[in-house]
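K.L.:
whatever this is, show me its structure:
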Amino acid sequence: MPLPAVEPKRLYRQIAEQLRALIGQGEFTVGSRLPAERDLAKQLGVSRPSVREALIALEVDGWVEVRTGSGVYVLNRPKRTKSKLLETPEWGPLELIRARKLVEGEIAATAALQAKRKDIAAMRSALDMMMDEAGRGVLPLEGDRAFHTAIVEACGNAVLTETIQGFWDSRRGPLFMRLGGHFENLKSWRSAIAEHEAILAAIKNHDSTAARTAMHAHMDKSHARFSASWRRAKTILEG
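P.N.:
Numbering: from 1, shown residues only. This is a model prediction of the structure:
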């Protein structure tokens, strides 16, 4: 008899399943607020970003509700409702940003050495698209994708191009979209656009070190924006 493939579980899913089990056992009752992320991370022996990803997964799955400015609360979820936690192959959003920092930092450095005039023009056009989208009150996601694609295409490596497009397209998954709903708005995107300007300036100047540093700074700031406390999230969205 053929054996089914064994899928390694991502850490955030393991944490989510532990928390889901505790909710099911009544450890956390309906309507109660879960412990703070730092406390859960300490008790579980994991990082706070992994706990955050697990909480977002539970929110997507209908087990909890994240209330910005307050905390995370247990919902009344019928036991007969099938969980989707085991069905999603999605990467954790914060883990994805860390991976992008490593890979795209080197891509930006390489692009600074290899970019031709047409590549610089494509990056400028994508950045202008981001500013136009933001100016129309639209989150500049399409322009963002075009910008990072233009950078990697300057490297002339199809494997890298498909990898970066795969990374970026993961932003459209339910976990990243839900996390973005708590922390992304036009104000945060204006900050991101300024970070993109710094990346473009370094590449245009063919400064490999500065390009790598600017990309790392952008990813670090993105990670920080998505890692703010839920109370801080309310301030960000209302600011």
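
K.L.:
which SS class is residue 66?
P.N.:
Per DSSP: H, G, I helix; E, B strand; the rest coil, the secondary structure class of residue 66 is strand.

K.L.:
hmm, it is touching residue 57, no?
P.N.:
No: counting by C-beta atoms under 8 Å, no contact exists between residue 66 and residue 57, whose distance comes to 11.3 Å. The C-beta positions use only the backbone N, C-alpha and C, and glycine is treated the same way.

K.L.:
more neighbours, the two?
P.N.:
Using other C-beta atoms under 10 Å, the more surrounded residue of residue 66 and residue 57 is residue 57, with 28 against 20.

K.L.:
so that one is in contact with residue 13, correct?
P.N.:
Yes: with contact taken as C-beta under 8 Å, residue 57 and residue 13 are classed as touching, separated by 6.6 Å.

K.L.:
the strands in this protein, which residues?
P.N.:
Read by DSSP state E, the chain holds these strands, from start to end of the chain: 64-67, 71-74.

K.L.:
please determine how far residue 54 is located from residue 31.
P.N.:
Noted for residue 54: a distance of 20 Å to residue 31, by C-beta to C-beta, to the nearest Å.

K.L.:
got it, and residue 59?
P.N.:
Remark: distance between residue 59 and residue 31 (C-beta to C-beta) = 15 Å.

K.L.:
which one's more surrounded, those two?
P.N.:
In terms of neighbours (other C-beta under 10 Å), residue 59 is the more surrounded of residue 59 and residue 31; the figures are 22 against 10.

K.L.:
list the contacts for the more buried one?
P.N.:
For residue 59, the set of contacting residues under the criterion of C-beta atoms under 8 Å, 6 or more residues apart in numbering consists of 65-66, 72, 178.

K.L.:
need the longest helix for this protein.
P.N.:
helix 93-114 (DSSP state H).

K.L.:
quick one: that helix to chain centroid distance?
P.N.:
The offset between the C-alpha centroid of helix 93-114 and the centroid of the whole chain comes to 14 Å, using C-alpha atoms, centre = their mean, to the nearest Å.

K.L.:
kindly report the same for stretch 208-219.
P.N.:
18 Å.

K.L.:
over to stretch 47-58?
P.N.:
Going by C-alpha atoms, centre = their mean, the spacing between the C-alpha centre of stretch 47-58 and its chain's C-alpha centre is 12 Å.

K.L.:
average pLDDT for it?
P.N.:
Within the predicted structure, the mean pLDDT of stretch 47-58 is 91.

K.L.:
ok, residues contacting it?
P.N.:
By C-beta under 8 Å, 6+ apart, the surrounding residues in contact with stretch 47-58 are 11-13, 15-16, 19-20, 34, 37-38, 40-41, 44, 64, 66, 72, 85, 88, 92-95, 175, 178-179, 223, 226-227.

K.L.:
domain assignment for this protein?
P.N.:
By the assignment in automatic domain parsing, the chain contains the domains 11-74, 93-238.

K.L.:
what is the burial count for the residue lying closest to residue 115 once chain neighbours are set aside?
P.N.:
When the adjacent residues along the chain are set aside, residue 115 lies closest to residue 154, with 4.1 Å between them (C-beta to C-beta, 6 or more residues apart in numbering). Look at residue 154: counted by other C-beta under 10 Å, it has 24 neighbours.
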